[in-house]
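**Q** Provide a 3D model corresponding to the input given below.
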Amino acid sequence: MTLEALVFDAYGTLFDVHAVIARCETFWPGRGAALSQLWRARQLEYSWQRSLMDRYAPFSAVTRDALDYACEALGLPLDETRARVLMDEYLNLAAYPDVPAALERLQRSGKKLAILTNGSPDMIEPLVKNRGMEKLFDAVLSVDAAWIYKPAPRVYTLAVDRLGVAAGAIGFVSANCWDALGAKSFGFRVFWINRAGAPVDRLGFQPDGILRTLGDLPGML
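**A** Predicted coordinates:
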């Protein structure tokens, strides 16, 4: 089936979540990388745990809870001013260098482009705007509309419903292997951006394509 639309994960795929390290370093020199890694790990874990508990909270709240935990676990003093500054970093995350040109090329192909993210609207909409990408996408979709996090199947349904395209005609792109395989299980054709050269997660599915950068995608379509 010919692909009619491409749907992209946001965090870790289009935008570098570890761009926060530089700001963390200004507060706690030498601890920025450790904080960023633990913050991201807890952010994801809390989203999965809340989904299993059927206790949804917006990603902005989950991200703040993860930050609080990470700082306490690492013994880093966190006041409201520092917390606000670090949370604001998520509104200005850097795009990966390969992303802007690849998206512009994909847009010229005539396919519908969309973001489907765990990020709540108060996080993802300012980020896309601040990076000047709002005109590249036909839709910016948040799990907030489904009240559950990826890889729950009803999250991927949001893209089918909003774009009006059958699941088999949607290509899904993520640098998070668990997300790519969740989308594959749902019925999308999936492309995993494997920047780190990691093995495929053992979840019973394989990506349709493995990329080193988003710039590889146009040549695979």
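**Q** Show me where the chain has its helices.
**A** Using DSSP state H, the helices of the chain run over 21-27, 32-53, 59-74, 80-89, 99-108, 121-130, 153-163, 177-186.
**Q** Pick the most deeply packed of those.
**A** helix 177-186 (a mean of 23; mean count of other CB atoms under 10 Å). The way it works is simple: take the backbone N, C-alpha and C, and place the C-beta from them, glycine included.
**Q** So this protein: which segments form each domain?
**A** 5-15+93-220, 17-89 (automatic domain parsing).
**Q** and the first one, how far apart are its ends?
**A** Meaning domain 5-15+93-220. 14 Å (CA to CA, to the nearest Å).
**Q** change the start of the numbering to 53 and stick with it
**A** Understood, numbering begins at 53; the last thing we discussed is domain 57-67+145-272.
**Q** tell me the phi and psi of residue 227?
**A** Per-residue torsions, residue 227: phi -90, psi 0 (degrees, to the nearest 10).
**Q** In this structure it contacts residue 245, no?
**A** Yes - Residue 227 is within contact range of residue 245, at 4.0 Å (criterion: CB atoms under 8 Å).
**Q** of those two, who's got more company?
**A** Remark: of residue 227 and residue 245, residue 245 carries more neighbours, 29 against 24, as counted by other CB atoms under 10 Å.
**Q** residues touching the more buried one, list them.
**A** 65, 225, 226, 227, 263, 264, 265, 266 (CB atoms under 8 Å, 6 or more residues apart in numbering).
**Q** about what we covered before: output the helices of the chain in JSON lines; the columns should cover mean pLDDT and distance to residue 252.
**A** Compiled in JSON lines, the helices of the chain are given as follows (pLDDT from 0 to 100; distance: least, CB to CB, whole Å):
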{"stretch": "helix 73-79", "mean pLDDT": "97", "distance to residue 252": "27"}
{"stretch": "helix 84-105", "mean pLDDT": "98", "distance to residue 252": "18"}
{"stretch": "helix 111-126", "mean pLDDT": "98", "distance to residue 252": "26"}
{"stretch": "helix 132-141", "mean pLDDT": "97", "distance to residue 252": "31"}
{"stretch": "helix 151-160", "mean pLDDT": "94", "distance to residue 252": "22"}
{"stretch": "helix 173-182", "mean pLDDT": "97", "distance to residue 252": "27"}
{"stretch": "helix 205-215", "mean pLDDT": "98", "distance to residue 252": "19"}
{"stretch": "helix 229-238", "mean pLDDT": "98", "distance to residue 252": "6"}
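**Q** Residue 259: which of these is closest?
**A** Nearest to residue 259, of all the helices of the chain, is helix 229-238, at 5.4 Å by CB to CB.
**Q** elements contacting that closest one?
**A** Judged by 3 or more CB pairs under 8 Å, 6 or more residues apart in numbering; DSSP states H and E, the packing partners of helix 229-238 are helix 205-215, strand 222-226, strand 241-245.
**Q** sorry, back to before: could you export the helices of the chain as JSON lines, including distance to residue 255?
**A** Listed next are those as JSON lines, based on distance: least, CB to CB, whole Å:
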{"stretch": "helix 73-79", "distance to residue 255": "29"}
{"stretch": "helix 84-105", "distance to residue 255": "13"}
{"stretch": "helix 111-126", "distance to residue 255": "22"}
{"stretch": "helix 132-141", "distance to residue 255": "31"}
{"stretch": "helix 151-160", "distance to residue 255": "26"}
{"stretch": "helix 173-182", "distance to residue 255": "25"}
{"stretch": "helix 205-215", "distance to residue 255": "13"}
{"stretch": "helix 229-238", "distance to residue 255": "5"}
